[in-house]
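Asks: starting from these lines, generate the structure:
(3 chains)
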Amino acid sequence: MNETRAPMYLAALNEQQRAAVLHSGGPLLILAGAGSGKTRVVTTRIAYALDDLGADPASILAVTFTNKAAAEMRERLAALTPRAHDVLIKTFHAFGAWVLRRFGGEIGIDRGFLVYDESDSLSLLKAELGNACGPAQIRGWLSLISRAKDLGLGPDADERELRKLSYDRRFPEIYARYEERLRATGNLDFGDLILHALRLLKESQTTRDRLRRKFAHVLVDEYQDSNTAQFELLKELVAPSASLVVVGDDDQSIYGFRGAEVENILTFPDSFSGTEIIRLEENYRSTRTILAAASAVVAHNSRRMGKTLITKNEAGNPVHIVLFGDYTEEALYAARLVERNPQTETAILYRTNYQSRIFEEVFGRLGIPYLLVGSVRFYEREEVKDTLAYLSLMTNPRDEVAARRIINKPTRGIGEKTEEKAMTAAATHGGDVLAACRDANAFASGKTAGRLRDFAGLIDGLHTLLAGSPLTHFIHEVIRKTELLDLYTGRDEAEGTSRAKNLEELVNAAAPYGQGEEALREFLENTLLSTPEYGEAYGGRVTLITLHNTKGLEFERVIISGLEEGVFPSERKDGDGDIEEERRLFYVGLTRAKRELVLTACRNRLLYGQPIRSAPSRFLDEIPPELVVKEDLGGGSSAGAVPGRASGAWPPGTRVYSYEYGQGYVETSETKDGHEVVTVHFETGRTIKILPKYHDLIKAGDE
DNA sequence: AGTGTGAAGGTTTTT
DNA sequence: CCTTCACACT
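Replies: From the prediction side, this is the model:
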């Protein structure tokens, strides 16, 4: 190591971090606790390789699991070195697409393939199985198929292996039928991006060698989230001579439901011989209290490597637990916290996306700006998918799912029966739906055939515009000529929505892509594999986000909401919920907080619109009581006054604790307009009048 | 072919 | 509370 040449950024690292950056030789496993500077180590390591070891940017591959993490890494690397531009930073799936786009032809994959999302796969399987299965069952089959792909099992895999996934004897056959139908469209689903990339590397020695030569440096972030297929892909991809670094934390494995195998990180040293392990156990993010709470919670899990996180940070405030009557109170409380310290960067975390709704509503009503992350992904919106379907069908006329979606949208007099006939006819044209429509006289009567020909004509006509015009202009023509724009403008007026605006946004999103067929393909690929956030006009400091989406992020103040049994931990009827994974998810949430941590729960929650009682999450009891301040702001009913809170609940002399002001005692107590008003003298020397009902005041030692 | 009605049924989490 | 689906009507 050459200390004199070592750049400034190395000086900012601790000993373990520096060792992780400078390590050379065999594979490296970095076990990085929450907040231990993991991303910093990865980005610094890349910058060091570029700036000091003279590595070629194009020889570096960094893989993450979410788009957000990839974006974050790109940004932070760019801040370290100007040579970052050509470094390949992608999600595992996007990397699979990258490989297949270039070399997939060798195993018969269409260069112009698009990626079907879950709903596309669903409609495809539905088309294949007809009315024989209900929607729930189709969903079930699809999830099995996707698990199989996670395991690296294609439809031709050993039947005994496939049977392990399902006792249902029909599964292998249904998997095979789905796959055949999918291949006929020329497109791929998410699982295929990994599975076929793996197959390619196994079958084509040329491509494997080529990629192995190219990627002399491979880094994998969030390695605990990798699944079996991804692990195998990695083994094929990385040359023995290459530098392989994986970073992860078994306590933060939260994607088991989509096939992630914690085993991959536990057995990494066995799979890659000569592995060195470096542990990052110093947390730079959270207060001592927050870290102690999180560590105590995750200690309840049995299947873990075990590690001890330490921090030099101050103890900070206790963890604040608040109980409410219902979700509205919970949301109002969060809003009030935000209003009180509007400059404090805050995140509101929840288990499921739909829980964001009440916060959106309350924040909107109070005029508090917020950033909503994830929720309904842009490209999953109906109007966006419609437009993308037109574009897809143009580039790939075998795209059955796209064709079904738009063949009668806007309505053009083509019904279900006709649609079915057209799809059947497509088979005789090599799957080309547009060709079948042009030749509609073969299976449809005069008028209907004319409509089908018009449909094909519309798309062919649009296609001719593609070559000469910039992509933005072209897509605008598509939404105009297909009359999607009119359709949604009309609906917007009727329903008060803003779908037409989303279409404009889609047009704008195409701006960086130049023109022509190639630009369109690139645009489609990027759109389908990424999730842009709508942060426009966001002027505030509040983020609404699912727990899963927060991985890798940090906030000054974190509010985890909906801590109720059945919600978090979530409860599944079929009973194979994994409580330890839920707990890890909770751990992830807790460790996002830098300084302030608020946990909230409600006594009543809504199930299908009906209020039902719910018990506070067991996780709340797993935090040591001495780290916690508990408060109960919600009696029984959500309507009217709370019984049992009559005047005199705060007699003079009561020792109290306020989250805002600290310890104190009640000096006087009186009742005004039916509300109890107390004067509290705090240890800080301040004396303040407080309405306990509306303030987070609690009795010291209160449970 | 398209549209409107009522009843039934359904919730994780992401690529 | 929402969406989705079957069925009857225009």
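Asks: can you list phi and psi of the most centrally placed residue in chain A for me?
Replies: Centroid check for chain A by C-alpha atoms, centre = their mean gives A:Asn549 as the closest residue, at 4.5 Å. Dihedral pair for A:Asn549: phi -80, psi -10, per degrees, to the nearest 10.
Asks: wait, what's in contact with it?
Replies: A:66, A:68, A:373-374 (C-beta atoms under 8 Å, 6 or more residues apart in numbering). Heads up, the C-betas are built off the backbone N, CA and C, glycines and all.
Asks: farthest-separated two in the residues you listed?
Replies: Using C-beta to C-beta, those reach their maximum pairwise distance at A:Thr66 and A:Val373, which is 11.0 Å.
Asks: please tell me how far the residue nearest to the centre of chain A sits from DNA strand C.
Replies: A:Asn549 sits 22 Å away from DNA strand C, going by C-beta to the nearest atom of the strand, to the nearest Å.
Asks: how much space between the nearest residue to A:Glu565 once chain neighbours are set aside and A:Ala440?
Replies: In space, and not counting its chain neighbours, A:Glu565 is closest to A:Ala615: 4.6 Å by C-beta to C-beta, 6 or more residues apart in numbering. Per C-beta to C-beta, to the nearest Å, A:Ala615 is found 61 Å from A:Ala440.
Asks: which of the two has more neighbours?
Replies: The residue with more neighbours, out of A:Ala615 and A:Ala440, is A:Ala440; 24 against 10, by other C-beta atoms under 10 Å.
Asks: how about the backbone phi and psi for that one?
Replies: phi -70, psi -20.
Asks: confidence score at it?
Replies: Reading off the confidence values, A:Ala440 has pLDDT 83.
Asks: would you confirm that it contacts A:Ala449?
Replies: Yes. With contact defined as C-beta atoms under 8 Å, A:Ala440 counts as touching A:Ala449 (3.9 Å).
Asks: and the residue nearest to A:Pro318 when sequence neighbours are not counted, what element?
Replies: Nearest residue to A:Pro318, sequence neighbours excluded (C-beta to C-beta, 6+ apart): A:Val629, at 4.5 Å. With secondary structure defined by DSSP states H and E, A:Val629 is part of strand A:628-632.
Asks: beyond that strand, next helix or strand please.
Replies: Following strand A:628-632 in sequence, per DSSP H and E, is strand A:655-658.
Asks: need the residues of the stretch 601-703 of chain A near DNA strand B, please.
Replies: A:606-609 (C-beta under 7 Å from any atom of the strand).
Asks: just send the residues you listed back as a markdown table, with secondary structure, pLDDT and distance to DNA strand C too.
Replies: Below are these laid out as a markdown table (DSSP: H, G, I helix; E, B strand; the rest coil; pLDDT from 0 to 100; distance: C-beta to the nearest atom of the strand, whole Å):
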| residue | secondary structure | pLDDT | distance to DNA strand C |
| --- | --- | --- | --- |
| A:Leu606 | strand | 82 | 7 |
| A:Leu607 | strand | 81 | 9 |
| A:Tyr608 | coil | 78 | 4 |
| A:Gly609 | coil | 75 | 2 |
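Asks: top of these by neighbour count?
Replies: A:Leu606 (14 neighbours).
Asks: dump the residue contacts of that one.
Replies: A:327, A:612 are the contacts of A:Leu606 under C-beta under 8 Å, 6+ apart.
Asks: next, count neighbours for the residue in the stretch 51-200 of chain A that DNA strand C sits nearest to.
Replies: Nearest residue of the stretch 51-200 of chain A to DNA strand C: A:Pro135, at 4.6 Å (C-beta to the nearest atom of the strand). A:Pro135 is flanked by 9 other residues according to other C-beta under 10 Å.
Asks: now do the closest residue to it other than its chain neighbours against A:Ile459, distance only.
Replies: Nearest residue to A:Pro135, sequence neighbours excluded (C-beta to C-beta, 6+ apart): A:Lys126, at 7.5 Å. According to C-beta to C-beta, A:Lys126 stands 23 Å off from A:Ile459.
Asks: cool, and A:Leu520?
Replies: Counting by C-beta to C-beta, the gap from A:Leu520 to A:Ile459 is 13 Å.
Asks: which neighbours do the two share?
Replies: With C-beta under 8 Å, 6+ apart, A:Leu520 and A:Ile459 have common neighbours A:Met394.
Asks: please enumerate the helices of the stretch 201-350 of chain A.
Replies: Secondary structure of the stretch 201-350 of chain A (DSSP state H, counting those that start in this stretch): helices at A:205-214, A:228-237, A:263-266, A:268-271, A:288-298, A:327-340.
Asks: which bits of the stretch 551-700 of chain A sit near DNA strand C?
Replies: A:606, A:608-610.
Asks: go on, chain A?
Replies: A:131, A:135, A:606, A:608-610.
Asks: now, the contacts of A:Asn549 that are in helices?
Replies: Those of those mapping onto helices are A:Lys68, per DSSP state H.
Asks: reformat the contacts of A:Asn549 as TSV; add pLDDT and distance to DNA strand B.
Replies: Output for the contacts of A:Asn549, formatted as TSV (pLDDT from 0 to 100; distance: C-beta to the nearest atom of the strand, whole Å):
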residue	pLDDT	distance to DNA strand B
A:Thr66	84	4
A:Lys68	81	6
A:Val373	83	8
A:Gly374	74	5
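Asks: contacting residues for A:Ala55?
Replies: A:49, A:216-217.
Asks: pick out the residue of the stretch 1-150 of chain A closest to DNA strand B.
Replies: A:His93 (3.2 Å).
Asks: before we move on, what about chain A?
Replies: Counting by C-beta to the nearest atom of the strand, chain A gets nearest to DNA strand B through A:Gly415 (2.5 Å).
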